[in-house]
Structures are given as C-alpha cells and as structure tokens.
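Colleague: based on what follows, work out the 3D shape:
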Amino acid sequence: MNATTATETSALQATNPLLDFSDLPRFDAIRPEHVVPAVEALLATANEALETVTAEDFPAEWPRMAAVLDVATERLSRAWGAVSHLNAVADTPELRAAYNAALPQVTEFWTRLGADERLYAKYKAMDPTRLTPEQARARENALLGFVLGGAELQGAAKERFAAIQERLAELSQKFSENTLDATDTYAYFATAEELDGVPDDVLAATRAAAEAEGQTGHKLTLKLPCYLPVMQFGHNRALRERLYRAYTTRASDQAEGAAVKYDNTSLIREILALRQEEAELLGYRDFATMSLVPKMAESAEQVIRFLRELAAKARPYAEQDLADMRAYAAAHLGLHDPQAWDWAYIGEQLRQARYAYSEQEVKPYFTAPRVLQGLFHIVETLFEVSIRPDTAPVWHPGVQFFRIERTPSRPGDGAPELVGQFYLDLGARNGKRGGAWMDDVRARWLRPDGASLQTPVAHLVCNFAEGVNGKPPLLTHDDVITLFHEFGHGLHHLLTQVNERDVSGISGVEWDAVELPSQFMENFCWEWDVLKQMTAHVDTGEPLPRELFDKMLAAKNHQSGLQTLRQIEFALFDMLLHSHDAPKNADGVDFMGLLQQVRDEVAVIQPPGYNRMPHTFSHIFAGGYAAGYYSYKWAEVLSADAYAAFEEAAQRSGTTLDVPTGRRYRQAILETGGSRPAMESFKAFRGREPSIDALLRHQGMAA
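Modeller: Have a look, this model is predicted:
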C-alpha cells in the first residue's frame, strides 16, 4: 500500500464510512473496496503521529503524547476493529480478500509501534509523580508491553521479530478461514427415518434448510445448533458416527474428500515454531514462560500444578460418571462397547432416566426474547442501570442494539446518563465464525483531543438456532448460560468508570482474570428467583414449572467430573504445547503425540485415533488464548468465590439479587477494569484472597 496525502485523506473521509468517527460504525455502508483506502489513510496519519511524538523536542508528557499518538492509533484500531468484526460475522470472498490485503500492513505498524525504542524512551522518561493512578497503571503496562514487543532488540533480531509477528498474523487468519470453510462446506441430507429421536424444532430447521436448496429430506451441518442435538438425541448410531467423524476431522489431514484442502496441520507446526523463536528472541525459555509475564499466574509450573491438582480432585467423579454411563448403556441401550459418537447420546439418555429431565423439555420455555428480558432484569436490579432498545447501523437484520443508562440518584438531577451501548448478534448462519464472544467497538475514554467523555460500545456474539415457523428462537439452558457468560464480559467492558482508555473496561486486565465477570454471570442461570423471571413457554406463555426446575437443579452436576477433566485436558495440552519440553519429531513439535500423552494422563475416555481436536482449536491458534487456555479454570476459582458473596447475601435477604452486594461487586470489579491488579480488585470485593472451595461445591465435587 502507498502512503496517502493529507488532501487525499480529507477527500476519503467524505466518502469512506471507515473514516467516519463521528458516532457509531456505519456497518451497513462498509464495503470491501473501502478497506484498503481507509487503512492506507489511517496508517499514514498514525505514522505521522508516531514521528511527531518521538521527535527529540516533543515533551515526554502523557497528555501531550496521548493527544497526538493515542488519538491516531485509536482511530486505526476502531476502523480495523470494524473490518475484523465484519470478517468474523459476515464473511464474503470479497471482504476476506480486502482483509487479507490490509492485514500485513496493519500488523507491521503495530509491531513497529510496540518495538519503537524512541517511543519506549519517551515512556521511560515520563515523571511518574505527574501521572494519575490510572495513567501510572497504563504506563506500567506499556513499559512491559514494549519489552515483550521487542523494543530492546537490536539489528537483525529486531527485524526477525517483526517478520515473525507478520507471519503469525497471516497464519492465524488462515487457520480461522480454514476452520470456517471446513465447517460451512459440509452437508449431509438425511431422511426423516435417520433422524428418529431428534427434537422437532431441529427437524423443522433442517427440513427448511434442505427445501431452501431444492433438496428433499433434512440438511445436516456441522454448526453446533444442528450437530449437538443429533449427537445427543439421535437414535441412529450410524448417523452419529458419520457426523462425529466429519466434525472431529474438520480442517485436518483426516478430512474426507475435497475437504482435506482446509488442512491446518502445516499452519499449526509453523505457528508453534514461530512462537518458540519469538520467545527465545526475547530471552525466554519458551512461549509459555513469555506468555505468563503479564498474567496473574507466576509460572508455567504453577499453572501445570494447579491443573493437575484440580484433575486429581475431579478424577474420582469422572470415573464414576463413566462407570454410570457404561452400566446404563449396557443395561438399557444395548451398547456394550460404547464409542466416541455414543457418549453424548448415552449421557442424555441417562440424564432423562435418572432425573426425568431433558434439555429439550425445558427448551420451549427459553424463548430468546423472554431470556433477554430476564437477563436485563438481573443487570438492572443488581447494577442499578437501565437497558433500553436503541438504533444503529447493523450488518444483519437479526442484530439488535441497546443502550445502558444510569438514572440520577435524586429526582430532578437531569436526564439519564449514557453508560454504554452494545450490539447483540445471536443467530448462527453461513459466513459467521462459530462460537460465542464479546469484543469491544470502542472504549470509555476521556478523550485528550477534546476533553469529551467517550462511552464504551461492545459486540456480543453467539451462534444459536434461529426460530422456525414464525416462532421466536428457542434456547437450550446451555445456550442461556453462554449468553450470560458473554454478557458478563460485556458488563466488564461497559460498566467501567475508568477514564484512561488503556486500562478501562477489559483493557489492561490480566488475561487469566478476564473470565471472572463472564463465569460469574453464569451462576444466576441456576437460581429459581432469577429463572422464573426469564421463562415463558413458546406456545402457552406459562413460566417454567418449579418441579421442572428442581429436576434441572438435580441434574446440574450430571457428569461434571467428565466436563472438568475435558477442560483440564485442553488447558494442560495448551500449556505443555507451548513449553520447551514439548515432544518433537522431524516436523517440529509433535502436537498429536503430546495430546495423546495428556489424554493418557488426564482423560478417562479416549477418542479414536482420527480425532483431530487441535486442528480447530481456534482459541489458541487464532485467538488470544495461546498458553492461556488455563485461564477458564483459573478464573472459575475467582468467579465461584465472588458469587459465593451473593449466596451469603441471599441467606440474609432471601435473594441472590441483593443490591448492596451487587453494588460492591460493580464498584470493586466491574468499574475498576484494568486500572489495578485483578487480585487487588478481588480482595477489595471479598476482603481476602480467593479459595477453591466454592468452585468444588458448585460442581458437586466438594469433599
């Protein structure tokens, strides 16, 4: 890309929606052809700003530097964030091409910025006594970021470090594309007989999908709203095996037919090799050690010990879970040698037999509109805000937009204060990356260019089944938990009261603490006084019966031992994979060999040899969780202990929706964002360091 002149930039601003920062992103107007010109213009401005603040005569003062450099880089971040978001939720060949064309230049700029020794020197030269506490924390993070960004490297080492960053960005993007394409291209058209046992709403959706393509029968895909119900409820064992093999070999060398072209094997090997080289360039033994420098955990050894100790506590429960399933399968299902594609089915059948409860029995009560209404009620009650529908340009008709407001404490004190806004994109569709996530659109920031307060905006994205036959979407209870999880992330970003962008909301929060607010919110999905407010049967409007809730609660920890070991398997594999001692072969890290070692140590159920879990492990190969997947279990200790405060309050007030406790949590955890270490925030709320006891109790594994 070529440099863009100031005149050209001015002209572009009038026609290119990516250069319009007057309000919210103009998602409905952004086109692939806008991407490269916008990035060129913003990079030119950012580069000019960098040269300005690093000049010898420019003062090493936070406000002066922020007004020039941070304003320019924040605009680049917002525009590129909009492009990246569209690439994830509305992928097209044209947009993908534009994204990939701009990606190397964007990566090169951020790499160069983070390694600029002149800028590093300016930050080091700042007088700490002239900084606010928020600025001091942001500067502390920035100095560490410069070290990890290669600012202290010289010559060839610095050039190699930059080349590694560019290549890693390309590889991660390709990994994500392969995973999406391998998922989207698979289809199997099943007969009604093959789908015996599959829930009616899934049958209706798959039948409609087949009809839309002029086919008979039912179109089955590997997207989770289709795949999981078939695996859980479908009586046809051969069909379950067919889908299981297709799902677990996606984007791998084991994929069948033409789908093998999406094989991620070589990408994984190169990513791992480059990460190890990156760590060694910075003077670390391995990527795991480097990754933990800015996190709460002190060392890879501490993380591995934590995971193994938790595995030891969970293993007896997992072994009992497995024994129960084997016995039930033999006695009631005629399955004397269950295979990998049988376990979800056996588990669901056992759940129904043991607890007289099925996920499908409660699903009609969880209509998406009613669940949202209940979720908003919780947030409004606990955190003393209001959530209102709002309008904004969106990328798909199904996307909703909301604003969060705080009413003045005294009547007559003025209009409600805007706290933040968020987009909600719940439906699964082609061209949309699988999974669920929260991402920021912009951060809360007392802007240094005009002293106006910028309020935060977030994306909340899920992949739930759409409604059929004119009815609203129905969510499983697991879907509800997922929605609450992502909303917890959103609250962390949106309710912050920090005015310094780099440490407001989720920014600056240690990676292994960032899941605290998300996993905290999940707990409310198991409270009767909460759940009864968010259910209404899709046909009758009746709320969830207490008797059915009691069955859900009894079944809550059904197979929690197995589920815990599964998460530990992923986390331990990730941490060991990025360690110096990971096993090697002629092609580099023997990641499949390592996975088998971890499974031999941790798992009680062994999948077939063709299973290629790593090839779609996007969290660590295309997300931010490399040598960090353990953070889910690590933060779960924090979140369970934090929620215990609400359980304690309920013993006094009769409800977990205890406003004084919610206020303390909001002020200590959510509002402070990354402006102080996460442990300080936790202790400010609980008055002590966290304990694992609440987590074990919540999962039915307490001694």
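Colleague: hey, let's count contacts and neighbours off CA atoms from now on
Modeller: Noted.
Colleague: number of residues surrounding Tyr227?
Modeller: 17 (other CA atoms under 10 Å).
Colleague: what's the answer for the one 3 residues further on, then?
Modeller: Neighbouring residues of Val230 were enumerated by other CA under 10 Å; the total is 26.
Colleague: low-confidence ranges, the stretch 451-600 of the chain, go.
Modeller: For the stretch 451-600 of the chain, the stretches flagged by pLDDT under 70 are 451.
Colleague: can you give me the strands in it?
Modeller: Using DSSP state E, counting those that start in this stretch, the strands found in the stretch 451-600 of the chain span residues 453-454, 457-464, 584-585, 588-589.
Colleague: how about residues contacting the first one?
Modeller: Going back to what we said before, that points to strand 453-454. With CA atoms under 8 Å, 6 or more residues apart in numbering as the test, strand 453-454 has contacts from 443-447, 499.
Colleague: can you list the domains in this structure?
Modeller: Listed by automatic domain parsing, the domain ranges of the chain are 6-163, 186-262, 364-554.
Colleague: for those domains, give me TSV that also has distance to Glu301.
Modeller: Below are those laid out as TSV (distance: least, CA to CA, whole Å):
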stretch	distance to Glu301
domain 6-163	20
domain 186-262	30
domain 364-554	15
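Colleague: closest to His615 out of those domains?
Modeller: domain 186-262 (5.9 Å; CA to CA).
Colleague: just the terminal-to-terminal distance for that closest one.
Modeller: 12 Å (CA to CA, to the nearest Å).
Colleague: let me know the secondary structure of Ser409.
Modeller: Following DSSP: H, G, I helix; E, B strand; the rest coil, Ser409 is assigned to coil.
Colleague: just Gly420 next, same as before
Modeller: strand.
Colleague: now do the contacts for it.
Modeller: 403-405, 455-457, 494-495.
Colleague: which one of those has the most neighbours?
Modeller: Leu494 (30 neighbours).
Colleague: okay, stretch 536-555 in CSV with CA atoms only?
Modeller: C-alpha atoms of stretch 536-555 as CSV (Å, rounded to 0.1, in the frame of the first residue of the first chain):
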residue,chain,number,x,y,z
ALA,A,536,-42.4,-18.3,29.1
HIS,A,537,-43.5,-21.4,27.1
VAL,A,538,-43.4,-20.6,23.4
ASP,A,539,-46.9,-21.8,22.9
THR,A,540,-48.7,-21.2,26.2
GLY,A,541,-46.7,-18.4,27.8
GLU,A,542,-46.6,-20.3,31.1
PRO,A,543,-43.4,-19.9,33.2
LEU,A,544,-41.1,-22.8,33.9
PRO,A,545,-42.7,-25.1,36.5
ARG,A,546,-40.9,-25.3,39.8
GLU,A,547,-41.0,-29.1,39.5
LEU,A,548,-39.1,-29.0,36.2
PHE,A,549,-36.5,-26.5,37.6
ASP,A,550,-35.9,-28.9,40.6
LYS,A,551,-35.1,-31.6,38.1
MET,A,552,-32.7,-29.3,36.3
LEU,A,553,-31.0,-28.4,39.5
ALA,A,554,-30.7,-32.1,40.5
ALA,A,555,-29.1,-32.8,37.1
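Colleague: give me the neighbour count for Tyr365.
Modeller: Neighbour tally, Tyr365, other CA under 10 Å: 27.
Colleague: quick check: it touching Pro545?
Modeller: No. If you go by CA atoms under 8 Å, Tyr365 and Pro545 don't touch, sitting 9.5 Å apart.
Colleague: what's the closest non-adjacent residue to the spatially most central residue of the chain?
Modeller: In the chain, the centroid-proximal residue (CA atoms, centre = their mean) is Trp437; its distance is 3.7 Å. Nearest residue to Trp437 in three dimensions, chain neighbours excluded: Val461, at 5.3 Å (CA to CA, 6 or more residues apart in numbering).
Colleague: can you classify His336 as helix, strand or coil?
Modeller: coil.
Colleague: check contacts around it.
Modeller: 326, 329-330.
Colleague: what residues are up against Asn178?
Modeller: 251, 262-264 are the contacts of Asn178 under CA under 8 Å, 6+ apart.
Colleague: can you report phi and psi for Arg676?
Modeller: phi -150, psi 160 (degrees, to the nearest 10).
Colleague: that one - how many residues pack around it?
Modeller: Arg676 has 19 nearby residues by other CA under 10 Å.
Colleague: how near is the nearest residue to it once chain neighbours are set aside to Tyr630?
Modeller: Distances taken as CA to CA, 6+ apart put Arg137 closest to Arg676, at 6.7 Å, once the chain neighbours are dropped. Here the criterion is CA to CA. By it, Arg137 lies 25 Å from Tyr630.
Colleague: looking at those two, which is more packed in?
Modeller: Ranked by neighbour count (other CA under 10 Å), Arg137 and Tyr630 place Tyr630 first, with 26 against 19.
Colleague: isn't that one up against Ile568?
Modeller: Yes. Here Tyr630 reaches Ile568: they are 7.4 Å apart, a contact under CA under 8 Å.
Colleague: any residues in contact with both of those two?
Modeller: Contacts common to Tyr630 and Ile568, judged by CA under 8 Å, 6+ apart, are Leu307.
Colleague: stretch 245-256: which residues count as buried?
Modeller: 245-255 (16 or more other CA atoms under 10 Å).
Colleague: where strands are concerned, which of these count?
Modeller: Here DSSP state E is the test, and the buried residues of stretch 245-256 give no hits in strands at all.
Colleague: now render those as TSV, adding distance to Met126 and pLDDT.
Modeller: Output for the buried residues of stretch 245-256, formatted as TSV (distance: CA to CA, whole Å; pLDDT from 0 to 100):
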residue	distance to Met126	pLDDT
Arg245	58	98
Ala246	56	98
Tyr247	53	98
Thr248	52	98
Thr249	53	98
Arg250	51	97
Ala251	49	97
Ser252	50	98
Asp253	53	96
Gln254	55	97
Ala255	55	95
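Colleague: and those, which is closest to Ile378?
Modeller: Tyr247 (36.4 Å).
Colleague: leaving out the residues flanking it, which one is nearest to that closest one?
Modeller: Leu222 (6.1 Å).
Colleague: ok, now how distant is the one you found from Asn87?
Modeller: 20 Å.
Colleague: hmm, back to that, OK, contacts around the residue nearest to the centre of the chain?
Modeller: 460-462, 486.
Colleague: rewinding a little: for Thr564, state which of the contacts of Asn178 is nearest.
Modeller: Ala251 (25.9 Å).
Colleague: excluding sequence neighbours, find me the nearest residue to that closest one.
Modeller: Asp263 (4.3 Å).
Colleague: with Asp181 instead?
Modeller: Excluding the flanking residues, the one nearest Asp181 by CA to CA, 6+ apart is Tyr262, at 7.4 Å.
Colleague: now do the SS call for the residue of the chain most remote from its centre.
Modeller: Distance from the centre of the chain peaks at Asp57, with 42.8 Å (CA atoms, centre = their mean). Under three-state DSSP, Asp57 falls in the coil class.
Colleague: can you pull the pLDDT of it?
Modeller: Looking at Asp57, its pLDDT stands at 96.
Colleague: show me the strands in the protein, by range?
Modeller: Secondary structure of the chain (DSSP E): strands at 188-190, 218-220, 386-389, 400-406, 417-427, 437-442, 445-446, 453-454, 457-464, 584-585, 588-589.
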